[in-house]
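Asks: Next one to model:
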Amino acid sequence: MRISNEHIPIDFEFHESWWHKNCNIDFTREYYFNPDLRVEIDQRMRRYLYERYGYLGFGEKDPKKRPFIDFGCVTMPALFGCEVIFSKDSSLTVKDLNLSDEEIQDLQVPDIKNSYPLKDIIKQMNYLESRFGYVTGDLDWDGALNLALHIRGQQLFEDFFNNSSIVHKTLNVATQAMVEVVRYVGSRTGTTSVCVTPIIADINPRLNVTSNCTVTMISLEHYDKFIFKYDKFLSQQLQPFGVHHCGEDMERFLPAYKRLKTDFFEIGWGSDVRRCRQVLGPNVYINARLSPVRLKNCSKKEIIEDTKKLIEQGNPLRTFSISSMGVEYGTPDENIEAVVETVEKYGRKT
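Replies: Numbers count the residues shown, from 1 in each chain. Predicted structure coming up:
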């Protein structure tokens with residue numbers, strides 16, 4: 001993250017493949033379950049960023065060790081029993097449970113403190129606290145529809161039309177579990193959503209941000225009928241609240257989103273940022289995402305135009321930032337430079 005008092009915040013999160021190929025870092029099971037190893041790798045990462053991009057304001061020349069936890073974006077499905085798939089050069093993934101009607105009827109909130117992987121992560125928290133006096137980082141707590149799909153599988157889409165009770169049962173149990181995890185992790189680390197989008201650490205570390213990645217796969221009508229109730233519940237339970245919408249059509253859901261009590265929205269590349277700003281108002285903080293695909297494949301001139309367009313659409317800039325997540329190996333350094341240079345030229349806070 002690059003922090004400036006004069007300009008809007010900007011942030012790049014580099015994909016596991018970028019770290020693996022540039023620094024020979026493996027993201028196998030040991031990375032996630034060996035806290036000493038992870039702390040050393042994190043320290044090495046921040047030093048490498050300084051060596052490569054220090055002139056742009058990234059990284060740390062002499063980074064201190066940070067006692068942090070991490071489990072990618074699969075904590076919640078893993079708690080419900082999804083098999084976790086580890087890879088040395090990619091992010092964690094899971095196999096969906098595809099529970100039957102009968103299994104959904106019996107579905108209950110897991111005993112989070114005594115269920116994999118949180119019980120193992122809690123042991124790491126205790127160890128890190130004993131060694132450093134505190135623990136930082138947090139765990140991605142997913143989103144209502146995201147998690148429901150991991151539990152029920154693709155059958156959930158058919159349930160929208162012919163088995164609404166299954167939909168509501170799945171969503172209800174999922175969101176109850178999410179609240180429990182958020183409250184516990186927040187009580188230990190002080191944050192709950194920096195893993196969702198690291199720029200939150202600079203904006204407001206107390207934000208609780210739900211991830212609506214899969215909402216773009218359904219209609220506004222189905223969101224209103226099935227999902228909104230549970231997003232509203234989350235917003236009531238977890239203030240200050242925010243929504244991550246990584247799809248390219250967030251404006252389609254604005255009639256519902258504007259009824260949530262939110263302080264923050266993360267808007268995916270391709271969405272109409274200007275329209276979202278108009279509807280949500282000047283006081284809701286907006287973080288707009290740059291496309292990592294374009295960042296890798298487009299010319300510097302095109303990246304300048306992409307960044308400039310977001311800045312123009314994001315006014316007022318006092319409540320606006322830009323990030324690009326999952327920056328892949330092979331992304332030209334000059335395109336990273338282009339974003340920074342454009343922000344310095346056009347992104348002065350107003």
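
Asks: Contacts only, for residue 259.
Replies: Residues in contact with residue 259 (C-beta atoms under 8 Å, 6 or more residues apart in numbering) are 228, 232. (Glycine included, C-beta is placed from N, CA and C.)

Asks: Can you tell me how far it is from residue 129?
Replies: Residue 259 sits 40 Å away from residue 129, going by C-beta to C-beta, to the nearest Å.

Asks: Over to residue 151?
Replies: 32 Å.

Asks: Then residue 73?
Replies: 24 Å.

Asks: same deal with residue 205?
Replies: Distance from residue 205 to residue 129, by C-beta to C-beta: 18 Å.

Asks: Could you check which of residue 151 and residue 129 is surrounded by more residues?
Replies: residue 151 (24 against 14; other C-beta atoms under 10 Å).

Asks: Would you check that the more buried one makes contact with residue 80?
Replies: Yes: with contact defined as C-beta atoms under 8 Å, residue 151 counts as touching residue 80 (5.5 Å).

Asks: which neighbours do the two share?
Replies: residue 97.

Asks: Helices of the stretch 101-250 of the chain, start to end?
Replies: Along the stretch 101-250 of the chain, counting by DSSP state H, counting those that start in this stretch, helices occupy 101-105, 118-132, 144-152, 155-162, 164-189, 200-203, 220-222, 228-237.

Asks: the inter-axis angle of the third one versus helix 228-237?
Replies: An angle of 120 degrees separates the directions of helix 144-152 and helix 228-237 when computed by axes from the mean of the first three to the mean of the last three C-alpha atoms, to 10 degrees.

Asks: middle-most residue in this structure, spatially?
Replies: residue 196 (1.9 Å; C-alpha atoms, centre = their mean).

Asks: is it true that that residue touches residue 207?
Replies: No: using C-beta under 8 Å as the test, residue 196 is too far from residue 207 to be in contact (9.0 Å).

Asks: Give me the contacts around the lowest-mean-pLDDT helix or strand in the chain.
Replies: Every helix and strand in the chain was compared by mean pLDDT, DSSP states H and E; the lowest is helix 200-203, with a mean of 92. If you take C-beta under 8 Å, 6+ apart as the criterion, helix 200-203 is touched by 1, 3, 9, 11, 191, 193-194, 207, 209, 242, 264, 285, 287, 321.

Asks: For these, pick the one with the most neighbours.
Replies: Going by other C-beta under 10 Å, residue 193 tops these with 30 neighbours.

Asks: ok, for that residue, nearest residue in space, not its chain neighbours?
Replies: Of all residues not flanking residue 193 in the chain, residue 209 sits nearest, at 3.9 Å (C-beta to C-beta, 6 or more residues apart in numbering).

Asks: dump the residue contacts of the one you found.
Replies: 192-193, 196-197, 200, 241-244, 264, 266.

Asks: Next, format these as CSV and append distance to residue 32.
Replies: As requested, the contacts of residue 209 are exported to CSV (distance: C-beta to C-beta, whole Å):
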residue, distance to residue 32
192, 18
193, 19
196, 17
197, 20
200, 21
241, 27
242, 25
243, 27
244, 22
264, 27
266, 24
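
Asks: Residue 35 touches residue 123, doesn't it?
Replies: No: using C-beta under 8 Å as the test, residue 35 is too far from residue 123 to be in contact (9.0 Å).

Asks: the more surrounded of those two?
Replies: residue 35 (21 against 12).

Asks: pull the longest strand from the protein.
Replies: strand 320-327 (DSSP state E).
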